[in-house]
Every structure is written in C-alpha cells, then in structure tokens.
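Asks: test case, fold it:
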Amino acid sequence: MQRKVALKNTRNIGIMAHIDAGKTTTTERILYYSGRVHRMGEVDEGTATMDWMEQEQERGITITSAATTCFWKDTQVNIIDTPGHVDFTVEVERSLRVLDGAVVVFCAVGGVEPQSETVWRQADKYNIPRVVFINKMDRMGCDFYGTLKQIHEKLDAPAYALQLPLGAEENFEGIIDLLNMKARVYKDELGSEYVDNDIPEDLLDEAQLHREELIEKLSEFDDVLMEKFLANQEITVEELKKVIRKATINNKIIPVLCGSSLKNKGVQLLMDAICSYLPSPGDVPPIEGINPKSQEIEKRLAEDDGKFCALAFKIMTDPYVGKLTFFRVYSGILASGESVYNANKENRERVGKLLQMHANKQQIRKEIFAGDIVAAVGLRNTETGDTICDEKSPIILENIEFPEPVVAMAIEPATKADEDKLYQGLSKFEEEDPSFKVSYNKETNQTVICGMGELHLEILIDRLLREFKVKAKVGKPQVAYKETIKDSITATGKFIQEAGGRGQYGHVVLKLEPGEQNTGVIFENKLKGSLIPKVFIPAIESGVKAAARSGVLSGYPVIDIKISLVGGSAHEVDSTEIAFDSAATRALLDGLRNGKSVILEPIMKLEVITPDEYLGDVVGDLNSRRSQIELIEHKKNVRIIKASIPLAEMFGYATDIRSLTSGRATYTMEPHHYKEVPKHIQDKLLQN
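Replies: A predicted model of the protein is given here:
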C-alpha cells in the first residue's frame with residue numbers, strides 16, 4: 001500500500017491557547033474549508049466536531065485532546081485540538097510531545113493570558129515551531145498591536161507580523177498581506193468570497209514599516225536575501241516564503257497572522273501558513289532514544305523504510321471497541337494484524353485494528369507510515385509514554401513527564417451494587433489520565449482520588465455516572481499535601497531473616513538530601529566497588545520509590561528529595577531482590593523520621609482581572625488568604641493582579657469574588673510549586 005501524501009507534505013500540528021481564545025472554533029473552520037465537515041459546528045451551541053464529549057458540549061469547553069486529519073491543497077494536516085483549561089493541561093503536554101508544529105491562538109481582547117503562557121512554555125520545552133493566530137479581531141476592545149507587544153514582552157518571543165488587520169471591532173473587513181502588499185476584503189459571511197485590493201493609503205506606512213522589519217529580520221538567516229535587502233533590490237514573495245519557512249522551523253522567528261474565526265475571516269490564510277511554514281516530520285531533528293540492550297543513544301529518521309518505532313501518548317476507552325491506544329509513528333511502516341514490541345514492558349503485543357481518528361469517529365487503516373498519528377485496538381498492556389517498536393531493533397524513547405495532582409477527594413460507592421463498577425471506572429480513568437491518581441487511606445478506610453483541580457474531578461465523577469452508570473458519594477475537595485525533609489541525613493536499613501532453608505539478607509545505606517523544587521523523588525546509585533551486586537540495584541530503587549508514596553507525618557507522598565545509595569552489603573547465598581526492596585524501604589522511612597520531615601502545600605499562580613473600582617476589596621481579600629501579590633498591571637479600565645497563593649485558601653473563591661465585584665471580575669490559576677506550610681497549619685493538619 002502506498003502513501004496518499006508524500007512525507008514532505010505531511011503536517012502534525014496542535015491548536016493551543018488559553019480557554020475561550022477560539023481554538024475549537026478555529027479548528028472547526030479548518031475542517032469546513034478543507035471539506036472534512038460540510039457544516040460548521042459552533043462551540044456555544046454544543047455542535048463543534050472536536051468537542052464530542054457530552055461534558056464538553058454542555059460546558060462549551062474542550063476537556064480532552066481530539067485528533068483529526070484533513071487535506072488542504074496538496075498537504076495532509078493531522079490536527080490535535082487541545083484543551084485551554086488549566087485542569088486539563090496534561091492533554092496539552094502529551095500532545096506536544098508527539099507534534100512537529102503548533103498554531104497558538106491568542107484572543108485580541110485578552111492578549112497573552114495565563115494559560116497562553118503555560119502552553120507557550122510547554123512548546124518551548126519541546127522546541128516546537130509555532131505560528132501565531134491573533135483571533136477575535138471583530139470583538140469590542142480588540143487590540144492587534146497590543147497583543148503583538150505582549151507576545152514580545154511576556155513571552156520573549158521573536159514574533160513578526162506577516163499580516164495586519166484591516167479595520168477592527170465591527171469595522172473589521174479583512175487582512176493586509178505584508179508579503180504580497182495587498183488588502184484582502186471579505187465579501188460574504190462564509191469567508192469564501194473576497195477581493196484583493198491595494199492597501200488603503202492611511203495604512204500603507206504602517207504596512208511598509210512592518211514589512212521592512214520582517215525582511216530585515218529574515219535577512220539574518222539568508223545571505224542572498226541579505227544582499228538584496230542591503231542593495232535595495234526587489235525580493236520576490238517566493239524568496240520570502242522560503243526564508244520564513246527555514247527560520248520558523250529553526251525557531252528563529254514566529255509568524256503572526258490575524259483574523260476572526262467566528263466571522264470566517266483569515267482562516268484559509270492560516271491554513272496556507274500551516275502548509276507553507278510549519279515543518280513536515282522530515283524537517284525536524286530525528287527522534288532519539290536509548291537502546292535497552294546496549295544503553296547507547298540511537299536515532300530514528302522519519303522514513304518509511306526505517307525500523308518501526310512509535311510512542312504511545314494517549315489511552316482512551318471507547319464504548320464499542322474498548323481500549324484505544326493513540327500513538328505517533330516516528331519511523332517505519334506497520335500493517336494491521338502485525339505484532340509490535342513494547343520496549344518499556346519487554347513484551348510483544350498484536351495490533352488488532354489500526355484507526356484514523358476524526359474526533360470520536362474512526363476510519364480503519366490497513367497500513368500506517370512514518371509521521372502518522374493513529375490509534376490502535378488490541379494493545380492491552382501498553383500505557384501512556386511506552387515505546388512500541390521492532391523487536392529486532394529495540395529503542396526506548398524519552399517518556400512524558402506529568403504534573404503532580406493538587407486536589408484530593410474521598411469517594412465511595414452509593415450502594416454495594418455500585419462497588420465493582422466504581423473501581424472498574426476509576427481504574428480505567430487512571431489508565432487514561434496520568435494526572436489522575438487513586439489511592440486508599442488505611443487510617444480512614446477511604447478511597448481517595450486526586451486530580452489537577454475541582455473541575456477535573458467533577459468531570460470524572462460525571463463520567464462515572466454516565467459511562468459506567470455508577471452512583472458515588474464524594475467528600476469535599478481537599479488539598480493534596482506532600483512531605484519532604486529539611487535536613488540531610490544518612491540512614492541504614494537491614495532486612496535479615498533466618499528461617500529453615502534459605503534465609504533473606506539485604507543491607508543498604510542511603511543518604512537523604514532536600515531536593516530542588518518540583519523534582520519529585522530522585523534516586524542515584526553512588527556505590528563504589530561491588531558491595532552490592534548490580535542485579536539488586538533496581539529492587540533498591542523500587543523499594544525507595546514505593547516507600548516514598550507515603551511519608552511519616554500524615555502519610556502524604558514524599559517529593560523534592562534526593563536519595564543516594566552510598567553503602568550496604570550482600571550475602572552470597574541469602575541476598576534476594578525482596579530483601580533489598582524491604583531494606584531500602586526501612587532505610588528511607590527511618591531517614592524521613594530523623595530528617596526533620598515537613599508538610600508541603602501546593603502554591604498556585606493566580607491572575608485576577610477586576611474593574612478599577614474593586615481593586616482595594618480584591619487585594620484586601622487576597623491578603624487575607626495568605627497570598628503574595630507580585631504585580632498589579634493597568635490595562636484600559638481594568639487592573640490585572642498577579643499573585644501566588646496556597647491552594648488551601650482558594651476553595652470557594654469563585655463565589656466570593658463574584659460577591660465582592662458584582663460578578664464583574666474573573667480569575668485563572670494554575671499549579672506552580674510546593675512550599676512548606678506555616679508551623680501553625682502543620683500542627684493543625686497533624687491533629688486531624
């Protein structure tokens with residue numbers, strides 16, 4: 001079977017933004033103009049193709065990343081529409097891990113908002129080339145130039161306009177194209193009829209200024225362009241496009257476009273830009289991984305005749321076909337019915353069906369190629385972050401890191417009949433969502449679920465009722481506290497059993513040190529010589545990490561700690577993996593008791609936007625909640641307050657701020673770091 005589209009004409013992109021900037025509406029227009037759908041759905045009406053979950057349609061927000069494929073001119077565009085709400089940031093993280101490029105949508109009214117900054121940092125982390133689309137140019141209060149300035153200042157991004165808006169608010173007519181130096185004026189509501197006119201004289205100077213600025217920047221990356229620019233020679237549009245593409249792929253510039261997705265203006269030009277400037281799988285550096293046999297770093301080129309290699313980035317439960325495993329193919333070809341090797345689990349699995357996804361709809365594929373993003377049925381043991389590959393050429397790609405959950409809630413089945421269904425549902429959610437955790441509290445005999453926020457848990461509980469028909473009783477949301485140590489300490493653990501027959505012997509010495517912020521649990525083997533055979537080191541690490549799941553103060557998980565194996569001994573006959581696992585557990589718990597353990601609480605990054613007249617009341621209320629106000633900005637007739645605040649102080653804040661400001665203020669927050677709780681709060685927590 002042959003490819004439909006050449007690899008160089010394939011684009012794997014994500015659409016990302018702050019909540020309500022217009023991501024899903026933009027995706028909906030792309031699907032319509034490319035012929036993928038024949039009617040434009042609307043987010044507010046609950047008819048958007050990519051928001052297929054009932055919870056998404058009811059709330060008008062994107063909750064889960066949805067994949068689709070469309071064709072524009074001679075290019076295949078694989079799209080992942082990602083959520084904008086901070087509670088579902090894990091969906092953005094795992095999508096970016098497998099994408100080659102991204103469209104970042106900014107609201108021309110809101111500018112660079114908190115979640116915009118978060119997704120931008122995530123894209124920076126994976127070095128993803130980007131195109132910016134400044135949306136909502138038809139809205140009252142829109143400000144293209146102000147948003148462009150914020151992108152420069154807040155994100156420190158090399159963003160350069162390829163387009164300027166023609167008018168604004170209710171007078172937004174179209175787009176000034178700085179490459180062709182023409183003004184595109186839209187004539188119909190569907191955005192399909194337009195005329196390209198000369199740029200109005202009152203906007204010509206502004207357009208020429210931005211064009212020269214763009215060419216001057218581009219000339220840094222191309223000698224021919226530099227010569228022409230300095231000699232004041234004519235530069236063709238094709239020459240400009242070629243250098244823009246090269247500079248965008250190398251993250252040297254970020255092209256900026258504008259429009260109004262809701263009013264169908266500018267989306268086709270955005271689609272042209274995706275095809276012209278964002279990379280194909282062959283344009284990005286080859287994926288790197290570790291050969292599990294040799295432990296050497298290996299690369300896989302994006303080519304069909306290479307060894308098969310793919311990364312599983314998402315698990316989803318489908319009511320009709322069961323478990324779906326989404327993965328990105330980095331090299332090679334895979335046919336339906338073939339077996340793949342899971343390099344992380346060291347086992348083989350047979351692929352039942354290969355599916356091209358269109359939101360929640362599926363199209364069966366007989367064969368898939370390098371660069372494809374697809375789903376498979378039949379991979380029962382494959383989890384998010386696992387590498388599937390050719391068994392003869394194994395490789396383990398870098399895993400995906402996920403944030404720690406910050407909100408916890410007790411849950412129990414409403415009736416005995418609901419018990420099995422509840423735990424089955426929770427188990428499936430934990431498999432699907434790496435930012436969702438389920439644990440059992442022995443002291444209170446309660447099942448505890450942890451997530452990224454109240455909305456995150458609310459959605460999952462709603463899904464339990466609808467998808468698994470489970471009625472559950474839930475407690476109030478609680479803060480997911482953690483524990484760590486303040487002092488460095490050396491601890492010894494021994495596990496020795498002498499019974500009839502073979503005994504058990506394990507002896508380890510661990511050095512415990514406070515770790516860097518947001519580093520979790522780091523284990524290092526610093527053992528010199530052969531005091532403990534290497535075969536037992538994984539068991540020691542396993543024992544340490546298992547023990548760290550429950551601290552010594554109140555059983556909260558331990559984080560931000562560095563644990564080094566510095567000593568110990570083994571018995572040539574009696575030493576076993578179980579003995580070393582147990583010895584490591586004892587050593588860690590002993591070290592935590594003597595290392596001045598403290599409780600940590602999640603600190604949130606908060607942004608409040610309030611009208612001027614309520615500033616004093618809002619700041620006073622925040623100060624009463626143990627917040628640290630970092631900055632107050634003035635923008636038109638509102639104040640933007642940026643602060644860090646303990647999550648424990650934010651329950652019920654939505655109601656309180658509505659009351660304080662007559663419903664006129666808005667806020668957003670996201671997890672930032674963990675910090676030691678004040679002593680009086682720690683004492684109170686330990687008494688409960």
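
Asks: in stretch 207-224, which residues are buried?
Replies: Within stretch 207-224, the residues that count as buried by 16 or more other Cβ atoms under 10 Å are 207, 210-211, 214-215, 217-219, 222. Quick note: C-beta positions are derived from backbone N, CA and C, even for glycine.

Asks: need the CA coordinates for that stretch. CSV is fine.
Replies: Coordinates of each C-alpha in stretch 207-224 appear next as CSV, following Å, rounded to 0.1, in the frame of the first residue of the first chain:
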residue,chain,number,x,y,z
ALA,A,207,2.3,48.1,6.4
GLN,A,208,5.6,49.1,4.9
LEU,A,209,7.2,49.6,8.3
HIS,A,210,6.2,46.0,9.4
ARG,A,211,7.3,44.5,6.1
GLU,A,212,10.7,46.1,6.3
GLU,A,213,11.1,45.0,9.9
LEU,A,214,10.2,41.4,8.8
ILE,A,215,12.6,41.4,5.9
GLU,A,216,15.4,42.9,8.0
LYS,A,217,15.0,40.0,10.5
LEU,A,218,14.8,37.4,7.7
SER,A,219,17.9,38.6,6.1
GLU,A,220,19.9,37.4,9.1
PHE,A,221,19.2,33.9,8.1
ASP,A,222,19.9,34.0,4.3
ASP,A,223,22.9,35.6,2.6
VAL,A,224,21.1,36.1,-0.8
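
Asks: now do the same for it: mean pLDDT, whole number.
Replies: Per-residue pLDDT over stretch 207-224 has a mean of 92.

Asks: which stretches of the stretch 251-400 of the chain have low pLDDT?
Replies: 359-360 (pLDDT under 70).

Asks: let me see the ranges of the helices in it.
Replies: 267-277 (DSSP state H, counting those that start in this stretch).

Asks: what lines up beside the helix or strand where residue 492 lies in the sheet?
Replies: If you go by DSSP states H and E, residue 492 is part of strand 489-497. According to DSSP bridges, strand 489-497 forms sheet pairs with strand 504-514 (antiparallel).

Asks: what's the spacing between the closest residue to residue 340 other than its chain neighbours and residue 370?
Replies: In space, and not counting its chain neighbours, residue 340 is closest to residue 388: 4.3 Å by Cβ to Cβ, 6 or more residues apart in numbering. Relative to residue 370, residue 388 is positioned 14 Å away (Cβ to Cβ, to the nearest Å).

Asks: before we move on, what about residue 637?
Replies: Distance from residue 637 to residue 370, by Cβ to Cβ: 53 Å.

Asks: more neighbours: which of the two?
Replies: More neighbours surround residue 370 than the other of residue 637 and residue 370, with 26 against 9 (other Cβ atoms under 10 Å).

Asks: the more buried one: what's it in contact with?
Replies: By Cβ atoms under 8 Å, 6 or more residues apart in numbering, residue 370 lies in contact with 7, 281, 302-304, 306, 329-333.

Asks: what ranges in the protein fall below the confidence cut-off?
Replies: In the chain, residues with pLDDT under 70: 1-2, 37-65, 83-89, 359-360, 441-445, 499-501, 636, 688.

Asks: again, only this time at 50
Replies: The chain contains residues with pLDDT under 50 at 41, 43-48, 50-53, 56-59, 62.

Asks: for the spatially most central residue of it, which non-adjacent residue is closest in space?
Replies: Nearest to the mean C-alpha position of the chain, by Cα atoms, centre = their mean, lies residue 93 at 1.8 Å. Distances taken as Cβ to Cβ, 6+ apart put residue 122 closest to residue 93, at 5.9 Å, once the chain neighbours are dropped.

Asks: any idea which helix or strand carries the one you found?
Replies: With DSSP H and E as the test, residue 122 turns up in helix 114-125.

Asks: list the buried ones in the helix or strand just after that helix?
Replies: Going down the chain from helix 114-125, the next helix or strand is strand 130-135, by DSSP H and E. Buried residues in strand 130-135, defined by neighbour count with 16+ other Cβ under 10 Å: 130-135.

Asks: same check on stretch 168-180?
Replies: 168, 172-179.

Asks: residues making contact with that stretch?
Replies: The contact list for stretch 168-180 (Cβ under 8 Å, 6+ apart) reads 137-144, 161-167, 182-186, 194, 196, 199, 203, 207, 210-211, 214, 237, 240-241, 257-260, 263, 265-266, 269.

Asks: try stretch 523-534
Replies: 508, 511, 537, 540-541, 544-545, 562-570, 575, 580.

Asks: count the neighbours of residue 343 for me.
Replies: With other Cβ under 10 Å as criterion, residue 343 counts 24.

Asks: what helix or strand is the nearest residue to residue 99 once chain neighbours are set aside on?
Replies: Spatial nearest neighbour of residue 99, chain neighbours left out: residue 14 (4.7 Å); criterion: Cβ to Cβ, 6+ apart. Following DSSP H and E, one finds residue 14 within strand 10-17.

Asks: could you do residue 550 as well?
Replies: Going by DSSP H and E, residue 550 is not part of any helix or strand.

Asks: how much space separates it from residue 446?
Replies: Taking Cβ to Cβ, one finds residue 550 at 14 Å from residue 446.

Asks: more neighbours: which of those two?
Replies: The residue with more neighbours, out of residue 550 and residue 446, is residue 550; 17 against 14, by other Cβ under 10 Å.

Asks: for the nearest residue to the more buried one once chain neighbours are set aside, what are its contacts?
Replies: Leaving out its chain neighbours, the residue that sits closest to residue 550 by Cβ to Cβ, 6+ apart is residue 557, at 6.8 Å. Shown in contact with residue 557 (Cβ under 8 Å, 6+ apart): 404, 482-483, 548-551.

Asks: filter the residues you listed down to the buried ones, PyMOL style.
Replies: Selection of buried members from those for PyMOL, criterion 16+ other Cβ under 10 Å:
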select buried, resi 404+482+483+548+550+551
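
Asks: can you list the strands that the strand or helix carrying residue 673 pairs with?
Replies: Using DSSP H and E, residue 673 sits in strand 666-676. Here strand 666-676 is paired, per DSSP bridges, with strand 597-611 (antiparallel).

Asks: next, the angle helix 114-125 makes with the partner strand.
Replies: Angle, strand 597-611 to helix 114-125, by axes from the mean of the first three to the mean of the last three Cα atoms, to 10 degrees: 120 degrees.

Asks: please state the offset of strand 597-611 from the chain centre?
Replies: Averaging C-alpha positions (Cα atoms, centre = their mean, to the nearest Å) puts strand 597-611 20 Å from its chain's average.

Asks: the strand holding residue 14: what's the following helix or strand?
Replies: helix 23-33.
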